[in-house]
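J.: Have a look at this prediction, sequence included:
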Amino acid sequence: MAGPEPASVREITSWIMTHPGHLRGEDADKLYRLRERDPELDRFTGHVRKFAAMMTGRRGDHLERWITDAEQDSLAPLAGFARNLRRDFDVVRNGLSLTHGSSAVEGNVNRLKTLKHQILGRDGLDLLRRRVLLVR
């Protein structure tokens, strides 16, 4: 008789990315057992959850410490991610801290994309230019 089917990478990723309080009991148990057997997975899950808490709690003041911890860990992909965050540190910290965003800019970009898709099938760039100027 065969045992239970092992969890897929997709399932394990989902368990790691889900807030611990939102995991189903059996999934939380499976992840707990995996973390007990695999120290790297345990450390990785800890880093991911700290980063998620930093994002949802708007705690940009914790970013420097998180990056340092991730860079010092032996998990190469995580250290690479941390190095990339450090390159744009001020932008990332502000994104994690400030309550305003780029919604207005994104709205204009989406408006222009919609106009482009409507027009390019018809009269091309000249019509697009006129429509953009008229909409403003």
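T.: Thanks, I have the structure now. Numbers count the residues shown, from 1 in each chain.
J.: check contacts around the residue most central in space within the chain.
T.: Centroid-nearest residue in the chain, with C-alpha atoms, centre = their mean: residue 52, separated by 8.5 Å. By C-beta atoms under 8 Å, 6 or more residues apart in numbering, residue 52 lies in contact with 17, 19. Backbone N, C-alpha and C define where each C-beta goes, glycine included.
J.: hmm, 10 Å instead?
T.: Residue 52 sits next to 16-20 when contact means C-beta atoms under 10 Å, 6 or more residues apart in numbering.
J.: Same check on residue 94?
T.: Neighbouring residues of residue 94 by C-beta under 10 Å, 6+ apart: 60, 63, 88, 100.
J.: And it, which helix or strand is it part of?
T.: helix 89-97 (DSSP states H and E).
J.: Please apply the same query to residue 79.
T.: Counting by DSSP H and E, residue 79 is part of helix 76-87.
J.: Show me what that helix is packed against.
T.: Counting contacts by 3 or more C-beta pairs under 10 Å, 6 or more residues apart in numbering; DSSP states H and E, helix 76-87 is packed against helix 39-56, helix 63-72, helix 89-97.
J.: In CSV: those, plus mean pLDDT and distance to residue 111.
T.: Below are those laid out as CSV (pLDDT from 0 to 100; distance: least, C-beta to C-beta, whole Å):
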stretch, mean pLDDT, distance to residue 111
helix 39-56, 93, 28
helix 63-72, 94, 33
helix 89-97, 89, 23
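J.: Could you export these as JSON lines, including distance to residue 29?
T.: Shown next, in JSON lines, are these (distance: least, C-beta to C-beta, whole Å):
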{"stretch": "helix 39-56", "distance to residue 29": "14"}
{"stretch": "helix 63-72", "distance to residue 29": "27"}
{"stretch": "helix 89-97", "distance to residue 29": "31"}
